[in-house]
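K.L.:
structural data only, the sequence is not supplied:
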């Protein structure tokens with residue numbers, strides 16, 4: 001009930017007129033079928049009285065009322081639809097997007113959270129689904145309730161047996177339907193997995209970035225086979241589910257025939273015995289049929305409310321999800337000076353029982369440049385996620401300037417971090433908007449150009465007709481420009497320059513560059529980090545020679561630590577990795 005109230009509060013806040021328009025529409029919705037029952041009854045009564053003038057006047061007036069009520073109900077129905085769409089566009093979608101973009105990252109990355117977020121999105125995707133569906137079904141449920149009470153009250157003046165017969169049969173039909181619905185719900189996971197597979201294969205088939213591989217390696221048959229595999233699962237699920245619907249469908253037909261036989265028997269008996277006129281018979285037939293319809297719809301609307309309530313719950317639960325970090329309160333980070341970093345006995349795993357880091361401890365002094373190196377899976381990126389305030393350690397503490405990250409205002413804290421991730425995001429907006437991470441009226445364009453120069457991509461940008469105002473890709477603008485993987489990473493580097501955080505984190509920032517270009521980029525980083533604490537994450541070793549120290553990670557622990565020269569002298573794991581890679585950093589090396 002609380003979610004229904006919340007939805008209507010939002011509607012009334014954005015559309016104040018809905019406070020009287022929605023109830024009025026409900027009254028008209030109940031009134032229309034009652035007028036339809038009265039029209040033929042009045043016609044028969046007046047024909048039997050043989051009063052043509054009275055007949056024409058009465059029928060004309062009733063038809064006019066019917067037309068006016070129908071038009072009013074139709075107008076209000078369109079307005080209600082506008083309210084439903086409007087609150088989705090004005091409130092629910094913006095709220096969902098804001099929450100998705102600002103909720104703590106530890107709530108976003110796990111697979112189970114992705115499923116929950118998908119359910120939250122689904123709750124906003126249709127007129128009869130989730131939040132908007134809850135609005136529609138709850139209104140219809142209320143109309144059915146009023147219709148049942150009003151029509152039931154009229155029927156009780158004739159014969160309680162009719163009411164009892166209709167009620168018993170309708171409830172029985174509802175229970176049969178409920179059984180089928182419960183079966184569908186119990187096996188919803190099978191349907192969701194099949195739907196996810198169909199959607200994924202359809203989505204990937206449309207992606208141009210996969211098109212080259214598909215054509216070179218003739219993957220089209222593989223795509224079709226996978227699509228067919230998931231589609232067959234979906235068809236099989238529907239086939240098993242439809243079997244459960246045969247019985248309630250047949251029961252609806254049988255109950256309808258039996259109900260009508262009993263109803264007509266009772267009503268015709270009243271006419272024969274003189275308790276009821278033919279005109280009254282006509283009216284009550286309409287009322288009884290209307291009551292049966294209201295009751296059937298009432299039971300259907302209950303299922304609809306329950307379904308959309310469950311769907312809406314996924315949305316509201318995501319919106320109510322509590323953050324792990326502090327937002328808008330807590331310690332403030334000094335944004336004017338380099339920071340110190342300490343991992344104090346830190347353990348962490350994304351899943352229980354699977355540790356990525358195990359009792360890891362190290363300290364980085366203010367202004368130091370540290371390289372974290374190691375093979376894939378050593379825990380380098382996990383350290384970055386902890387350092388950037390995306391996760392809290394399972395055990396131990398990550399301290400910045402001696403203060404645990406859990407005590408910082410995380411929004412303020414991240415202003416002090418400039419990061420380049422290996423899978424960084426480039427939006428289909430302008431170059432300047434991507435570098436500055438903001439709207440055009442907030443951008444310092446001179447600073448954007450300087451950052452592009454520092455990142456080594458200004459020459460490319462300067463040659464474009466719109467320069468830094470050029471759109472990236474043709475998704476939003478037909479004249480947009482495509483960039484290579486290496487050029488995109490340079491744009492990410494320019495973004496980090498623009499942020500100008502006192503903690504610079506580079507997580508595999510040059511993975512799309514060749515070794516020689518990578519080495520040159522790192523020479524520029526060396527200049528960039530003069531007044532910053534810098535952490536370089538890489539399994540390639542071009543970043544290590546100008547760093548103050550190197551931490552060589554293996555299985556979530558620091559295996560070796562020292563300068564480049566010190567670690568080479570040790571002839572340990574770092575030295576072996578460097579020897580293997582060093583040949584690729586020489587000009588003219590044949591590969």
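P.N.:
Thanks, I have the structure now. What you see is a predicted model; the values in this text were computed from it and never measured.

K.L.:
so the residue most central in space within the chain is in which element?
P.N.:
Taking Cα atoms, centre = their mean, the centroid of the chain lies closest to residue 121, which sits 3.3 Å from it. Assessed by DSSP states H and E, residue 121 sits inside helix 111-122.

K.L.:
now for that helix, which elements pack on it?
P.N.:
Contact analysis of helix 111-122 by 3 or more Cβ pairs under 8 Å, 6 or more residues apart in numbering; DSSP states H and E lists helix 93-102, helix 278-319 as its packing neighbours. Quick note: C-beta positions are derived from backbone N, CA and C, even for glycine.

K.L.:
most packed of those helices?
P.N.:
Greatest average neighbour count among these goes to helix 278-319 (a mean of 20), per mean count of other Cβ atoms under 10 Å.

K.L.:
packing partners of that one?
P.N.:
helix 2-14, helix 18-49, helix 93-102, helix 111-122, helix 130-156, helix 160-186, helix 220-272.

K.L.:
same list (those helices) but as TSV, adding distance to residue 336 and mean pLDDT.
P.N.:
As requested, those are arranged in TSV below (distance: least, Cβ to Cβ, whole Å; pLDDT from 0 to 100):
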stretch	distance to residue 336	mean pLDDT
helix 2-14	43	87
helix 18-49	52	82
helix 93-102	26	87
helix 111-122	36	77
helix 130-156	45	84
helix 160-186	57	72
helix 220-272	54	77
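
K.L.:
residue 78 is nearest to which of those helices?
P.N.:
Of all the helices and strands packed on helix 278-319, it is helix 18-49 that lies closest to residue 78, at 10.1 Å by Cβ to Cβ.

K.L.:
re the thing from before, make CSV out of the helices and strands packed on helix 278-319 and add distance to residue 550.
P.N.:
Below are the helices and strands packed on helix 278-319 laid out as CSV (distance: least, Cβ to Cβ, whole Å):
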stretch, distance to residue 550
helix 2-14, 54
helix 18-49, 65
helix 93-102, 36
helix 111-122, 34
helix 130-156, 52
helix 160-186, 55
helix 220-272, 43
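
K.L.:
give me whichever of these is most buried.
P.N.:
Most buried of the helices and strands packed on helix 278-319, by mean neighbour count (mean count of other Cβ under 10 Å): helix 130-156, with a mean of 20.

K.L.:
would you mind giving the helices and strands packed on helix 111-122 as a markdown table with distance to residue 82 added?
P.N.:
Output for the helices and strands packed on helix 111-122, formatted as a markdown table (distance: least, Cβ to Cβ, whole Å):
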| stretch | distance to residue 82 |
| --- | --- |
| helix 93-102 | 16 |
| helix 278-319 | 19 |
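
K.L.:
lowest average pLDDT across those?
P.N.:
Sorting those by mean pLDDT places helix 278-319 lowest, at a mean of 80.

K.L.:
that helix to helix 160-186, inter-axis angle?
P.N.:
Helix 278-319 runs at 30 degrees relative to helix 160-186, counting by axes from the mean of the first three to the mean of the last three Cα atoms, to 10 degrees.

K.L.:
parallel or antiparallel, which strands does the next helix or strand after helix 278-319 pair with?
P.N.:
Sequence-wise, the next helix or strand downstream of helix 278-319 (DSSP H and E) is strand 341-348. With DSSP bridges as the test, strand 341-348 is paired with strand 357-364 (antiparallel), strand 395-400 (antiparallel).

K.L.:
which residues are in contact with the longest one?
P.N.:
By Cβ atoms under 8 Å, 6 or more residues apart in numbering, the residues outside strand 357-364 that reach it are 340-349, 370, 379, 382-383, 386, 393, 395-396, 533, 535, 551, 555-558, 561.

K.L.:
buried ones in that strand?
P.N.:
357, 358, 360, 362, 364 (16 or more other Cβ atoms under 10 Å).

K.L.:
residue 168: which of the helices and strands packed on helix 111-122 is closest?
P.N.:
Closest to residue 168 of the helices and strands packed on helix 111-122 is helix 278-319 (Cβ to Cβ; 10.5 Å).

K.L.:
next one: residue 21 from residue 83, what distance?
P.N.:
8 Å (Cβ to Cβ, to the nearest Å).

K.L.:
repeat that for residue 253.
P.N.:
The spacing between residue 253 and residue 83, counted by Cβ to Cβ, is 37 Å.

K.L.:
likewise residue 434?
P.N.:
For residue 434, the distance to residue 83 (Cβ to Cβ) stands at 37 Å.

K.L.:
next one: residue 366
P.N.:
Counting by Cβ to Cβ, the gap from residue 366 to residue 83 is 56 Å.

K.L.:
more neighbours, these two?
P.N.:
Taking other Cβ atoms under 10 Å, residue 366 and residue 83 do not tie; residue 83 has more neighbours (22 against 14).
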